[in-house]
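Undergrad: coords below, sequence missing:
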C-alpha cells in the first residue's frame, strides 16, 4: 500500500494531536508589546509520571519512506518541535480495535511542531533533513508507556 | 555600564538554568538505533499550576542592546527553544537581596535553548533574527508569577 503525504494543518491533525505553531491571533501580548504569546497550545498528559524536556536527534530519512512499525504511549502525550526550519514527516493512524488502522502521513511546514495526544498510534520520529534535532516534551516515568505494532505489510509513504 | 556577551555553555549558565542541547553522549538510543534521546535535560517547576507548551513570537532586537528591565517568575521554570537555527540573547542576573545583581549576557549557538530555573532574574526574550519564534515550556496557572525590576540605569549589552 502507498499513502501520500498531506500538509500538516490543525484541522486535519485534530483527531491525533495539536499542531504547535504561531497561528491566528496571539492570545496575549507580553514584554511591553514586543512579544506575542500563543498560550497553552498543547493538551499535555503524563499519567503516572511527570512532564519533562528532552532532546532527540534522529537520523534523517527520505521519501519514499517505508513504514514498518507504529507505536503508541498509553499514559502520555508527546510533543516534537524541530530545532531548525526543516519540515518533517508525521505519520499517525486511528486505533482499530487495539491496532493501528490506515495511516495518514503529514508533512510539516517550517515553524510547525506537533503534540501527539496520549495513546495516538504514530510512526517513529521522522526527520527529513540534518541535523534531525527536536525538542521533545513527554512523560518522564518509570512504568511502561510503550506499545509497538509491526505491520504485516509495510506501507510506503510517497 | 556595558556588558559583553559570552558563549552559552552549560557550565557558565549552571547557576541560572539548564542549557538544552544535544551535548555529550545520548542517554539512550531509541527507534531501532535511529534516534538518540538526551533524556530529561531540564529541571522544570510549576508550583501552584502545571507545565504547558506555548509559542512566543518576539520582535527581533539588535546588539548593542539596551537592558532596562529584568523579571523573574517565583513559582516556575521557563524553557525557550528557538524554532530556527538562529542564535538569541539570554540575559540573567544573580539575586542581590531581592533585586537583580550585575547581569550576564549569553549568546546562544545554533541548536541551543535554555531552561531558566524558578526565580532566576532574566531579561525579556531577546530574539536577534526573524522570525523570532520559540517553543516555550513554562508554568500555566491563574495566580501571580511575575516580578519586574526596572533598572535605575539601563545597561548596554555589546
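TA: Right, received. Where do you want to start? These numbers come from a predicted model, not from an experiment.
Undergrad: most distant residue from the centre of chain A?
TA: residue A:32 (33.0 Å; C-alpha atoms, centre = their mean).
Undergrad: now do the closest residue to residue A:117 other than its chain neighbours, the pLDDT please.
TA: Leaving aside its sequence neighbours, residue A:117 sits nearest to residue A:17 (C-beta to C-beta, 6 or more residues apart in numbering or on different chains; 4.8 Å). For every residue, glycine as well, the C-beta is placed using N, CA and C. Looking at residue A:17, its pLDDT is 98.
Undergrad: same check, this time on residue A:32
TA: 88.
Undergrad: distance of it from chain B?
TA: Here the criterion is C-beta to the nearest C-beta, to the nearest Å. By it, residue A:32 lies 8 Å from chain B.
Undergrad: that residue: which element?
TA: In this assignment (DSSP states H and E), residue A:32 forms part of neither any helix nor any strand.
Undergrad: which residues are in contact with it?
TA: residue B:124 (C-beta atoms under 8 Å, 6 or more residues apart in numbering or on different chains).
Undergrad: for chain A, which segments count as helices?
TA: A:10-13 (DSSP state H).
Undergrad: from the centroid of it, which residue is nearest?
TA: residue A:114 (4.3 Å).
Undergrad: test my guess that that one contacts residue A:80.
TA: Yes. Look at residue A:114 against residue A:80 with C-beta atoms under 8 Å: they come within range, at 5.7 Å.
Undergrad: identify the contacts common to those two.
TA: In contact with both residue A:114 and residue A:80: residue A:90, using C-beta under 8 Å, 6+ apart.
Undergrad: tell me where the longest strand sits in chain A.
TA: The single longest strand within chain A, with elements called by DSSP state E, is strand A:147-157.
Undergrad: which other helices and strands does it contact?
TA: On a contact count with 3 or more C-beta pairs under 8 Å, 6 or more residues apart in numbering or on different chains; DSSP states H and E, strand A:147-157 meets strand A:2-3, strand A:65-72.
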